[in-house]
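In: predicted model, plus sequence, below.
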Amino acid sequence: MFDLTFPQVLSRLIAATIVLTILGVSFAAAARLLGDKGVGYEGRLKPNPILHVDLFAIVSSVFGRVGWIKPLRIDPAECRGGRWAPAIAALAAAVVTLVASKLALLLLPYVASYWPASSAGFVDWTIREIAQIAAWTLAFNVVPLPPFLAGYALQGVAPQAHAFLVKRHFLISIAITALVAVFHKSLPQTPFNALATLFLTGAM
């Protein structure tokens, strides 16, 4: 983080907020389509970042472009797909977020052509950060543990273990943030880099 300028930090903050809000809303929407009405009662269908974005995930996104959303309670008994409904909704949310990040990149030529020159560079950088943060976030969210999306597969396999970890969301978020902050410069040397590159470019 300390080798980033203030505009770069601000750009990542904005990009992370956008990406994680899309991820959270699409996850809730997928759960609702599968039959869970609780997500609507909790307000998670609203595009309000406060409802979806984990504060520690924002910090982690600034350091290493790695984020996650606040836990979402999904009742498999209410959903089509049964115990696998949370995992199905999580997968749908990941796809929507990836597609949205790709669509954001299509705005770059218009920014270059029509956006005021005084701030065009910042907007261009932020759009590129949206794609980067989406790719790295989705790469890390394949880890099958809460608070990551693949953790909802654990809910289908071992509901009690999943519930145990979700109750410790705060401590786990702190631990992940600390690890990303300390080792963020080494992330390109991890297997997550290949996956993030695949999401970003379509090639490993």
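Out: Perfect, I can see it now. Numbers count the residues shown, from 1 in each chain.

In: where in this structure is the helix or strand with the lowest mean pLDDT?
Out: The helix or strand of the chain with the lowest confidence, counting by mean pLDDT, DSSP states H and E, is helix 38-41 at a mean of 92.

In: in that one, what counts as buried?
Out: Val39 (16 or more other Cβ atoms under 10 Å). From N, CA and C alone the C-beta is placed, and that goes for glycine too.

In: elements contacting that helix?
Out: helix 6-34 (3 or more Cβ pairs under 8 Å, 6 or more residues apart in numbering; DSSP states H and E).

In: re earlier: ok, and what's touching whichever helix or strand comes after the least confident helix or strand of the chain?
Out: Downstream of helix 38-41, the first helix or strand assigned by DSSP states H and E is helix 49-52. Residues outside helix 49-52 that contact it (Cβ atoms under 8 Å, 6 or more residues apart in numbering): Thr17, Leu20, Thr21, Leu23, Gly24, Val25, Ala28, Glu42, Gly43, Arg44, Ile69, Lys70.

In: mind checking pLDDT for the first one?
Out: Think Thr17. For Thr17, the pLDDT comes out at 98.

In: burial count for the nearest residue to it once chain neighbours are set aside?
Out: Sequence neighbours aside, Pro49 is the residue nearest to Thr17 in space, at 5.1 Å (criterion: Cβ to Cβ, 6 or more residues apart in numbering). Neighbour count of Pro49, defined by other Cβ atoms under 10 Å: 15.

In: just the one 5 residues further on next, same as before
Out: For Asp54, the tally of surrounding residues (other Cβ under 10 Å) stands at 22.

In: and the gap between it and Phe199?
Out: Taking Cβ to Cβ, to the nearest Å as the measure, Asp54 falls 20 Å from Phe199.

In: swap in Thr190?
Out: From Thr190 to Phe199 the distance is 15 Å (Cβ to Cβ).

In: and these two? Which one has more around it.
Out: Neighbour comparison, Thr190 and Phe199: the larger count goes to Phe199, with 21 against 13 (by other Cβ under 10 Å).

In: these two touch, right, that one and Ala135?
Out: Yes - the pair Phe199 / Ala135 is scored as a contact, 4.0 Å apart, by Cβ atoms under 8 Å.

In: which neighbours do these two have in common?
Out: Counting by Cβ under 8 Å, 6+ apart, the residues touching both Phe199 and Ala135 are Leu98.

In: so where's the protein shaky on pLDDT?
Out: Residues of the chain meeting the criterion pLDDT under 70: 1-2, 203-204.

In: ok, Pro7 - how many residues close by?
Out: 12.

In: that one and Leu72, how far apart?
Out: In terms of Cβ to Cβ, Pro7 sits 33 Å off from Leu72.
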